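> The amino acid sequence is not available; the structure is as follows:
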């Protein structure tokens, strides 16, 4: 359930509360990613302490490893990975179209080979719901087809039509399951708007999906290599086509400034691998100014020789008195503590950003 | 300063307290290793919370990276790595003889090339003291020459003689520095008994070194590939040649049963890479029984398929509700959280072992 708390008068940004089976979440929010049932180098308790309200995991990866049977033995993914935070699981649509090999679509079945060991598998809309029921996701995403950008209109149209059909199958199947289990009924289900960068297709996708009773709507198929301007344009015409009383999720986005801009356009939810992936490469996010305007942050490459002597404390000493010189040393000597501290730094940067965004909407309207 | 608190009547084991500039340490103890100024995947605060009283770092590695100039800017290694625990630094003798390339001894200089980048360096007894003064080591080790086993008597004799000469140079130099600085005076200095597995050489080394006023004595040159029986034999005749009122340190040892046996032979201090290195390979130490007799522990290889479904909690849930099945999953998917939790498990196993050993000496005499 989503409650809109405040609609900004200056932009389309808004404050809300999303209630899930594992607790309520203030919007707009960012989800740290636990792709394979683990956040890179951190515990769930640690990201919670940094301000995380919810984490994201991947249906595709959990389905392949450890597999549904093992998760089932533990009750749900929360228990398996020892998490008491709400959990959103993506549908595997994006992964099966980007990672898997020898992919074939037959009717509503996607046949593919695992990117890990080449084993053959089938996913379809109902199976993806079943897997997410087993995972115990607080928010499940419907199976969708995500096309890369640029895309032909023909390809984008086909993907849109398939996504709508699969969304309908998923929702109807979920509604059936709801009658059998109060726990399943509590699991929210979001649909995913596709349509590449064609305005008419995005509006059609939004219209078809919002005609159904989903708990929230995602904008998919962005952050797939298109210019930032294109992403913003798609949001400019897509978000207004989504209902005000449902949460809006921009999948896989993005850099801090993308998040700020997307919030202004009415987006409530984000996830992205950037903070954790860049941490592993020694790229640290550092706040430079108050506010969210130009130059409010910068990234530094901690492996750069200029940090070898730098006594500045990482994150103002929040995680211990670790200087940038020490971080530089850890990265130059491949000590895993370096990646861990860099990950904490970057995740906390993103979570603080969201907290600042919420404050800004609250205070400045 | 070392105070002997209790001498067992049943064995040569004993309880004591070793006072250092950064606090007192109950003996016998184990030192987690921070080779390159970082414990593998853990913070110092975390190993402290697990019961670590002191950590060990390496002169050779810190000298090469980050280098003495950088440590100097931070005051000492404690500040650089944000540690408030006492610190023992080995002399680099072992590393320069095992890791470095194109090693040549000219007089008291060891010329060598860095194993990292081939750069040329010289270490000698005084320089090693200087480096450890900069590191701010609570316990510094003198430069020694460690021969592998088996060794010819000639080679072992030469190494012994060099070690004695270097010990003398180191102590005299340190005594000079003591007069200049109260901080340096507080740094303890230990000598290292060599002599391979020749009884007469070990006794000669012990005699020569204990004639000098060191703060403690290490038994070096063991755990270098010899049979366990040989290690125990060397201890059987070497330890009684060391003074009762000084701490005794068995360098680089070992498996839990080696530690138990060495304590029985009168050893007070240990360090070893085993718990952290084996953690990275998925080998977990698990306590099986009370007491320290046969079969009191086992190791499990968490990557083994038999753990895929195992709901047993890692370390009885001490670090979170992480099952062995989850640990198996983390290792099979190369998630770094797995290494981190395995490292915590193994280090805590070793620290608990030492705590149990101390209790056993206290209670049973």
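Received, thanks. None of the values given here were measured: they were computed from a predicted structure.
> Phi first, then psi, for the residue nearest the centre of chain A.
Residue closest to the mean C-alpha point of chain A, counted by C-alpha atoms, centre = their mean, is residue A:271 at 2.7 Å. Backbone torsions for residue A:271, taken as degrees, to the nearest 10, come to phi -150, psi 150.
> Report the separation between it and residue A:78.
Using C-beta to C-beta, to the nearest Å, residue A:271 is found at 17 Å from residue A:78. Every C-beta, even on glycine, is put in place using the N, C-alpha and C of the backbone.
> same check, this time on residue A:18
For residue A:18, the distance to residue A:78 equals 17 Å [C-beta to C-beta].
> Between those two, point out the one with more neighbours.
Set residue A:18 next to residue A:78 and count neighbours by other C-beta atoms under 10 Å in any protein chain shown: residue A:18 wins out with 26 against 23.
> ok, that one touching residue A:5?
No: counting by C-beta atoms under 8 Å, no contact exists between residue A:18 and residue A:5, whose distance comes to 10.8 Å.
> where does residue A:169 land in three-state SS?
Under DSSP: H, G, I helix; E, B strand; the rest coil, residue A:169 falls in the helix class.
> What's the local residue count around it?
18.
> Enumerate every residue touching it.
Residues near residue A:169 by C-beta atoms under 8 Å, 6 or more residues apart in numbering or on different chains: A:108, A:125-126.
> Rebuild these as JSON lines, extending it with distance to residue A:159, pLDDT and neighbour count.
Listed next are the contacts of residue A:169 as JSON lines, based on distance: C-beta to C-beta, whole Å; pLDDT from 0 to 100; neighbours: other C-beta atoms under 10 Å in any protein chain shown:
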{"residue": "A:108", "distance to residue A:159": "14", "pLDDT": "96", "neighbour count": "16"}
{"residue": "A:125", "distance to residue A:159": "14", "pLDDT": "98", "neighbour count": "27"}
{"residue": "A:126", "distance to residue A:159": "19", "pLDDT": "98", "neighbour count": "18"}
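> wait, residue A:178 sits on residue A:186?
No: Residue A:178 is beyond contact range of residue A:186, at 9.1 Å (criterion: C-beta under 8 Å).
> Look up the closest residue to the residue of chain A most remote from its centre, ignoring the ones flanking it.
Distance to the chain centre peaks in chain A at residue A:309, reaching 36.7 Å (criterion: C-alpha atoms, centre = their mean). Nearest residue to residue A:309 in three dimensions, chain neighbours excluded: residue A:325, at 5.5 Å (C-beta to C-beta, 6 or more residues apart in numbering or on different chains).
> Assess the claim that the one you found and residue A:305 are in contact.
No: Residue A:325 lies out of contact with residue A:305 (C-beta under 8 Å); the separation is 10.9 Å.
> Please say which of the two ends up with more neighbours.
Shown here are residue A:325 and residue A:305; by other C-beta under 10 Å, residue A:325 has more neighbours (21 against 8).
> So which other helices or strands are in contact with the host helix or strand of that one?
Per DSSP states H and E, residue A:325 falls inside helix A:324-332. Applying 3 or more C-beta pairs under 8 Å, 6 or more residues apart in numbering or on different chains; DSSP states H and E, we find helix A:324-332 packed against helix A:336-364, helix B:68-73, helix B:77-81.
> What is the neighbour count of the residue lying closest to residue A:264 once chain neighbours are set aside?
Leaving out its chain neighbours, the residue that sits closest to residue A:264 by C-beta to C-beta, 6+ apart is residue A:11, at 4.2 Å. Look at residue A:11: counted by other C-beta under 10 Å, it has 15 neighbours.
> three-state assignment of residue A:11?
Quick answer, by three-state DSSP: residue A:11 is coil.
> so who does the closest residue to residue A:310 other than its chain neighbours touch?
Counting by C-beta to C-beta, 6+ apart, residue A:310 lies nearest to residue A:324, which is 4.0 Å off, once chain neighbours are set aside. Residue A:324 makes contacts with A:300, A:302, A:307, A:310-314, as judged by C-beta under 8 Å, 6+ apart.
> same deal with residue A:291?
By C-beta under 8 Å, 6+ apart, the contact list for residue A:291 reads residue A:360.
> And it, how far from chain B?
For residue A:291, the distance to chain B equals 31 Å [C-beta to the nearest C-beta, to the nearest Å].
> What residues does the stretch 201-350 of chain A have near chain B?
The stretch 201-350 of chain A comes close to chain B at residues A:308-309, A:311, A:320-323, A:325-326, A:328-330, A:332-333, A:335-340, as judged by C-beta under 8 Å from any C-beta of the partner chain.
> Please indicate which of the residues you listed are buried?
Neighbour-count burial (16 or more other C-beta atoms under 10 Å in any protein chain shown) applied to these gives A:308, A:320, A:322-323, A:325-326, A:328-330, A:332-333, A:335-340.
> ok, how many other residues are close to residue A:154?
Counted with other C-beta under 10 Å, the neighbours of residue A:154 add up to 8.
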